[in-house]
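Q: Predicted coordinates and the sequence they were generated for:
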Amino acid sequence: MHPPDIPQTIPNWIDGCERGTAAGETFAKRSPVTGREMGRAARSRAADIARAIGSAADAFPDWSAQTPVARGDVLMAVARTMRHHQERLAAVVAAETGMSLKAALAETGGAVAQGEFMAGEGRRFFGRTTTSAAPNKQAMTVREPLGVAGLIIAANTPIANVAWKVFPALVCGNTAVLKAAEDAPATAWFFGKLAHEAGLPSGVLNIVQGFGEEAGAPIVADPRVAVVSFTGSTAVGREIARVAGARLARCSLELGGKNPLVVCDDADLEKAAEWAVRSAFSNAGQRCAAGSRIIVLESVYPTFRDLLVQRSRQLKVGPEDTDDFGPVINPGQLEAMLAVVQRARSEGAAVLTGGGRLNDAAHADGFYMAPTLIENASPDAEISTHELFGPVACLYRARNFAEALDLANRSPYGLTACIHTRSIHRALEFARRVQAGVVVVNAGTFGSEPHMPFGGVKQSGNGTREPGTEALDVYSNLKNIIMTFDPSLA
């Protein structure tokens, strides 16, 4: 079903107005459920990006001059407008991604919560005061905006990704240019529509459609863009860091993951299997925090493997609320996953369940991958070390806790990690030693909330954290103000 809120051609938002591109170009957006064209979106290029950045730069003096409280009040109005239209917004998300309406409503609710939390930071825009070694002297720090923020997002959780970046960037006093994910153009467009209806001033948030090389790259390279925040692949993140770094722009990178979920011999295996399935397959595995490496202690490996295979085979795949997960976002992603699975097979890995595209009548036209479990893959194989962004997970045996921890850390990534155990000693030692930005005990590899910092180490990011209050460090500068005084003049 095509929601009425999605126009046939999705435009940019520039200076508070809907605009096509200078060249009049568009590109097709296909439904992951049917494979058919849903509509088209503006194909922005350098001239369009320059216009959007100019609009943001022009709006910056007035927006940044408002108090943080006033900015927060405007953003709270945006969040409340999102909540009022949550079902409409979720319908757009579901149509674009193929996830169920139930899942889209949950994601939209999370985006609203993110907006409410960050709007509240306008009243908690704290600096600090401190003493000095010299008499009659003290110092204080205040936060100041950077300027124009370039925000580039992925399509896996499109409205959550929008909220994750837009709200902290704007509450800090920056104006922004958001490059929508090309696979979810309508979600970002509809957010822009609601934001302007809620009273966000023209030019404060500009939203551009298009491809990364044509619309994202000009944002990163433009000297008027003071900070670039990107969520996506490690390969693209490296290039963004190179270009932004050459002009000393601030850069926040939230990149890929190949996240371990460790199951110990003292774990509640039923609970561990439930969480492993959810970590590996929810949202069709399209989470940077997906649990794609399941490491199991040898003594419980056969039992746990059977539990996991059984649960995986019971999963229902489709776009309805009664389904467990939907399609992947585009055919290229599906074909890439199938090729990696085939290469793993040729190298000796065994497919326990799934392994191919769903080709029955209900799924043949969409971009559906069967929930796939693989064992006997080398920890150094392509399938073990490259993020697939789909419903594919590998199982690995470990002789003991030490070997499980070593396997967990044997990855170029370090985003999230999880352990299932009844031992507080194992849990705390794992949390201390695992190389990850987020550690979870006895649940899934995902679960960050708006007030929690999220980000990784190694090739999962460059050390920044979004969201949480730590996001304010991405989008603001600290100014140290030193004051001296003469008590005799008091």
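A: That came through fine.
Q: Domains of this protein: list them as residue ranges, please.
A: If you go by automatic domain parsing, the domain ranges for the chain are 9-255+461-479, 260-441.
Q: Would you reformat the ones you listed as a markdown table and include distance to residue 453 and mean neighbour count?
A: The C-beta positions use only the backbone N, C-alpha and C, and glycine is treated the same way. Shown next, in a markdown table, are the domains of the chain (distance: least, Cβ to Cβ, whole Å; neighbours: other Cβ atoms under 10 Å):
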| stretch | distance to residue 453 | mean neighbour count |
| --- | --- | --- |
| domain 9-255+461-479 | 4 | 21 |
| domain 260-441 | 8 | 20 |
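Q: could you dump the ones you listed to TSV with mean pLDDT?
A: TSV is the format used below for the domains of the chain (pLDDT from 0 to 100):
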stretch	mean pLDDT
domain 9-255+461-479	96
domain 260-441	97
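Q: Residue 485: which of those domains is closest?
A: domain 9-255+461-479 (5.3 Å; Cβ to Cβ).
Q: That closest one: how far from the chain's middle?
A: When C-alpha coordinates are averaged (Cα atoms, centre = their mean, to the nearest Å), domain 9-255+461-479 and its chain have centres 12 Å apart.
Q: Please apply the same query to stretch 259-268.
A: For stretch 259-268, the distance to the chain centre is 25 Å (Cα atoms, centre = their mean).
Q: Next, format the domains of the chain as JSON lines and append distance to residue 447.
A: Shown next, in JSON lines, are these (distance: least, Cβ to Cβ, whole Å):
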{"stretch": "domain 9-255+461-479", "distance to residue 447": "11"}
{"stretch": "domain 260-441", "distance to residue 447": "6"}
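Q: Looking at the ones you listed, spot the one closest to residue 448.
A: domain 260-441 (6.5 Å).
Q: still on that earlier bit, mind checking which of the domains of the chain is nearest residue 449?
A: domain 9-255+461-479 (7.6 Å).
Q: Quick one: end-to-end length of the closest one, please.
A: 44 Å (Cα to Cα, to the nearest Å).
Q: Residue 131 against residue 138, yeah?
A: Yes - counting by Cβ atoms under 8 Å, residue 131 does reach residue 138; the two are 6.1 Å apart.
Q: would you say residue 38 is within a strand?
A: Yes - the assignment for residue 38 by DSSP: H, G, I helix; E, B strand; the rest coil puts it in a strand.
Q: State the distance from it to residue 295.
A: 40 Å (Cβ to Cβ, to the nearest Å).
Q: quick one: contacts for residue 232?
A: For residue 232, the contacting residues are 152, 153, 154, 255, by Cβ atoms under 8 Å, 6 or more residues apart in numbering.
Q: could you redo the last one with a cut-off of 7 Å?
A: 152, 154, 255 (Cβ atoms under 7 Å, 6 or more residues apart in numbering).
Q: which one among those gets closest to residue 423?
A: When these are compared against residue 423 (criterion: Cβ to Cβ), the nearest one is residue 255, at 31.9 Å.
Q: separation between that closest one and residue 380?
A: With Cβ to Cβ as the criterion, residue 255 and residue 380 are 20 Å apart.
Q: which residue is nearest the middle of the chain?
A: residue 161 (5.2 Å; Cα atoms, centre = their mean).
Q: That residue and residue 254 touch, don't they?
A: No - if you go by Cβ atoms under 7 Å, residue 161 and residue 254 don't touch, sitting 9.4 Å apart.
Q: Quickly list what's touching both of the two.
A: With Cβ under 7 Å, 6+ apart as the test, residue 161 and residue 254 both reach residue 231.
Q: Would you map the helices across the stretch 251-400 of the chain?
A: Taking DSSP state H, counting those that start in this stretch as the criterion, the stretch 251-400 of the chain contains helices spanning 269-281, 301-313, 331-346, 382-385.
Q: Quick one: those helices as TSV, columns for distance to residue 91 too.
A: Below are these laid out as TSV (distance: least, Cβ to Cβ, whole Å):
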stretch	distance to residue 91
helix 269-281	23
helix 301-313	29
helix 331-346	23
helix 382-385	35
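Q: Of all those, which one is nearest residue 174?
A: Closest among the helices of the stretch 251-400 of the chain, using Cβ to Cβ: helix 331-346, at 31.8 Å.
Q: Alpha carbons only: can I get the closest one in CSV?
A: The C-alpha trace of helix 331-346 is given here as CSV (Å, rounded to 0.1, in the frame of the first residue of the first chain):
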residue,chain,number,x,y,z
PRO,A,331,18.4,-5.8,-4.5
GLY,A,332,22.0,-4.9,-4.5
GLN,A,333,22.3,-5.6,-0.8
LEU,A,334,20.5,-8.9,-1.2
GLU,A,335,22.8,-10.1,-4.1
ALA,A,336,25.9,-9.1,-2.1
MET,A,337,24.8,-11.2,0.8
LEU,A,338,24.0,-14.2,-1.3
ALA,A,339,27.4,-14.0,-2.9
VAL,A,340,29.2,-13.9,0.5
VAL,A,341,27.2,-17.0,1.7
GLN,A,342,28.1,-18.9,-1.5
ARG,A,343,31.8,-18.1,-1.1
ALA,A,344,31.6,-19.2,2.6
ARG,A,345,30.1,-22.5,1.4
SER,A,346,32.9,-23.0,-1.1
